[in-house]
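K.L.:
Requesting a structural model of the entry that follows:
(one chain, ligands or ions: 2)
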Amino acid sequence: MAVQISPSILSADFARLADEAAAVTPAADWLHVDVMDYHFVPNLTLGLPVVESLLRHTSLPVDCHLMIDDPDQWAPSYAEAGAGNVTIHAEAVKAPVRTLREIRKAGARAGLALNPGTAVQPYEDLLGEVDMLLLMTVEPGFGGQKFLDLVMPKLRQARAMVERHGTEVWLQVDGGVSDETIERCADAGADVFVAGSAVYSADDPGRAVQELRAQAEKATAHAAWTKRTSDAR
Ligand code: DX5
Ligand code: ZN
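P.N.:
Numbering: from 1, shown residues only. Ligands and ions are numbered 1, 2, ... in the order given. As a prediction, the model looks like this:
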């Protein structure tokens, strides 16, 4: 899997979302949209009506990260609206198999997110239901937080799990991803990188995406897991 960059519009100007999406087009692979509900996380952002509008105004596929209670009820609508990926949190979902299948059935890729304190191993049996695992590298809720290095062993474990499983499950990292941390993440096994403040606080967000991609590609090319994966083919 090639490196993919998914800029988070949480750090963008919410009154100018279409322009902010355009600022990372076509440099980015996805547009990461953080949906928060004041319940699962202590912050409130936007919901389905705004995602629907955004879908009409961007050519990038939309990567919805649902930090909400009861994703079983709400997640399929984001897929039906046309999001390219819908990620739900393991800590919030009640019937993961059913909900992940509903997301796929509605035509989106299905993502499963884990908070920094949630172990990945219990989810190994679910890998066949998942297109992407999202490992949070901060506690979810806010942009601009410090990257949590304590997630690195779990990232390596997740990469090994995906290798064992032999499927194309993408590994996304989200939180504190910047020019200082992206190489570590790529080396440990991540292949999809969310970056909010690192992209939108830059003078040129499109250029920031290109620079992050170059760093991640370089680290991926030298990573032990990449070599194992290509040897296995
Ligand atoms: C945090 C969100 C992230 C956030 C990342 O809960 O899920 O997507 O925007 O922001 P940075 O890259 O600034 O840590
Ligand atoms: Zn996110």
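
K.L.:
show me where the protein has helices.
P.N.:
17-22, 48-57, 71-81, 96-105, 152-165, 182-188, 197-200, 205-222, 224-232 (DSSP state H).

K.L.:
Tell me how far residue 107 lies from residue 142.
P.N.:
According to Cβ to Cβ, to the nearest Å, residue 107 and residue 142 sit 31 Å apart. Backbone N, C-alpha and C define where each C-beta goes, glycine included.

K.L.:
swap in residue 48?
P.N.:
22 Å.

K.L.:
just residue 55 next, same as before
P.N.:
Residue 55 sits 25 Å away from residue 142, going by Cβ to Cβ.

K.L.:
related to what we said a few turns ago, tell me which of the helices of the chain sits most buried.
P.N.:
helix 197-200 (a mean of 24; mean count of other Cβ atoms under 10 Å).

K.L.:
quick one: is it near ligand 1?
P.N.:
Yes - remark: helix 197-200 sits within contact range of ligand 1 at 197, 198, by Cβ under 6 Å from any ligand atom.

K.L.:
what pLDDT, on average, does that helix get?
P.N.:
Summarised as a single mean, pLDDT over helix 197-200 is 98.

K.L.:
what does it contact?
P.N.:
7-9, 11-12, 20, 24, 143-144, 177-179, 205, 208-209, 212 (Cβ atoms under 8 Å, 6 or more residues apart in numbering).

K.L.:
That helix close to ligand 2?
P.N.:
No - using Cβ under 5 Å from the ion, helix 197-200 stays clear of ligand 2, coming no nearer than 11.9 Å.

K.L.:
which bits of the chain sit near ligand 1?
P.N.:
Within the chain, the residues that sit near ligand 1 (Cβ under 6 Å from any ligand atom) are 8, 10-11, 32, 34, 65, 138, 140-145, 174-177, 194-198.

K.L.:
buried subset of those?
P.N.:
Buried by 16 or more other Cβ atoms under 10 Å: 8, 10-11, 32, 34, 65, 138, 140-143, 174-177, 194-198, out of the residues of the chain next to ligand 1.

K.L.:
Bridging across strands, which residues link to the residue of the chain found nearest ligand 2?
P.N.:
Residue nearest to ligand 2 within the chain (Cβ to the ion): residue 65, separated by 3.7 Å. Legend: beta-bridge partners of residue 65 under DSSP bridges are residue 34, residue 87.

K.L.:
now residue 44
P.N.:
Beta-bridge partners, per DSSP bridges, of residue 44: residue 37.

K.L.:
quick one: contacts for it?
P.N.:
36, 37, 38.
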